[in-house]
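[1] only the shape, not the letters, is given here:
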């Protein structure tokens, strides 16, 4: 298996920035439905109570073009709970992504959010700088996920929480399985060839062990298996294809593009019921906390 360096990954995602921006607004409602699982794992109300009135600071890693950083920022603006207040640092390794999410935050009037270009394997923050760390479908794409987990642990305050949303096994995500097979057949490429190890943390036991090795305590894992309901006439796979393989798709011929979409439709047709695609997906939310410092009297 080819292991991409950090520089290679930056280049790969840089070429995908326009694709993410193109789909950002359209996919935001669907993203918010699953973001709640990640945000719940952070337990922001508990962190706010422990902060005793101090404004919370939440670091969102691999923010892409805004999710879940925007949702967390709105929560910390007191939109849902007046007791919650604080600031979100949205970060991404790709400057194009940062520019896009900064513009979207300004357009959305989100004032309690700042944007920082940052490599999650080498974060530009001091130890204990933030109360919580979130990461939605990002840590598995690092050149060294364990180093990224260690950095997340380092920047958390004692008693802080981190939550990572990661994809489950390929066999439990038929959309990704179809993409892998179809792109390999039509274009001779796929996730591995493009440096996307999408299932790097798919095994719950191994994911737990990796967080514990990084220094997290109380590691918890929840598995979610939502099933969409999309009209069978909708080519719902297009956003994922473009956001993960847009740079490759742009080099394909019109005939190859037509073949890809036809093959994707055929491959996913067994999941049609009552005139709708009912394609299951599987992801895990892996969370942990930093131990509180215990003071022992002399």
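    Right, received. Where do you want to start? This one's a predicted model, so the numbers in the text were calculated from it and none came from an experiment.
[2] so where is this protein shaky, pLDDT-wise?
    By pLDDT under 70, the weakly predicted segments of the chain are 1-12, 293-298.
[3] helices or strands next to the lengthiest strand in it in the packing?
    The longest strand of the chain (DSSP state E) is strand 156-167. Packing partners of strand 156-167 (3 or more CB pairs under 8 Å, 6 or more residues apart in numbering; DSSP states H and E): helix 6-42, helix 44-51, strand 130-136, helix 145-155, strand 283-289. Backbone N, C-alpha and C define where each C-beta goes, glycine included.
[4] residue 117: which of these is closest?
    helix 6-42 (10.1 Å; CB to CB).
[5] that older thread, relative to residue 261, which of the helices and strands packed on strand 156-167 is closest?
    Closest approach to residue 261 among the helices and strands packed on strand 156-167 (CB to CB): helix 6-42, 15.9 Å.
[6] if we can go back for a sec, how about JSON lines for the helices and strands packed on strand 156-167, with distance to residue 91 added?
    Shown next, in JSON lines, are these (distance: least, CB to CB, whole Å):
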{"stretch": "helix 6-42", "distance to residue 91": "13"}
{"stretch": "helix 44-51", "distance to residue 91": "18"}
{"stretch": "strand 130-136", "distance to residue 91": "10"}
{"stretch": "helix 145-155", "distance to residue 91": "11"}
{"stretch": "strand 283-289", "distance to residue 91": "19"}
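[7] what's the next secondary structure element after the longest strand of the chain?
    Next helix or strand after strand 156-167 toward the C-terminus (DSSP states H and E): helix 174-187.
[8] now tell me what touches the next helix-or-strand element following that next one from outside.
    Using DSSP H and E, the helix or strand that follows helix 174-187 in sequence is helix 204-213. By CB atoms under 8 Å, 6 or more residues apart in numbering, the surrounding residues in contact with helix 204-213 are 145, 146, 149, 164, 166, 201, 219, 221, 223, 284, 286, 288.
[9] can I get those in JSON lines including neighbour count and distance to residue 19?
    Formatted as JSON lines, these follow (neighbours: other CB atoms under 10 Å; distance: CB to CB, whole Å):
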{"residue": "145", "neighbour count": "22", "distance to residue 19": "23"}
{"residue": "146", "neighbour count": "14", "distance to residue 19": "29"}
{"residue": "149", "neighbour count": "29", "distance to residue 19": "27"}
{"residue": "164", "neighbour count": "30", "distance to residue 19": "23"}
{"residue": "166", "neighbour count": "24", "distance to residue 19": "21"}
{"residue": "201", "neighbour count": "23", "distance to residue 19": "24"}
{"residue": "219", "neighbour count": "17", "distance to residue 19": "34"}
{"residue": "221", "neighbour count": "17", "distance to residue 19": "30"}
{"residue": "223", "neighbour count": "13", "distance to residue 19": "28"}
{"residue": "284", "neighbour count": "22", "distance to residue 19": "25"}
{"residue": "286", "neighbour count": "26", "distance to residue 19": "27"}
{"residue": "288", "neighbour count": "26", "distance to residue 19": "32"}
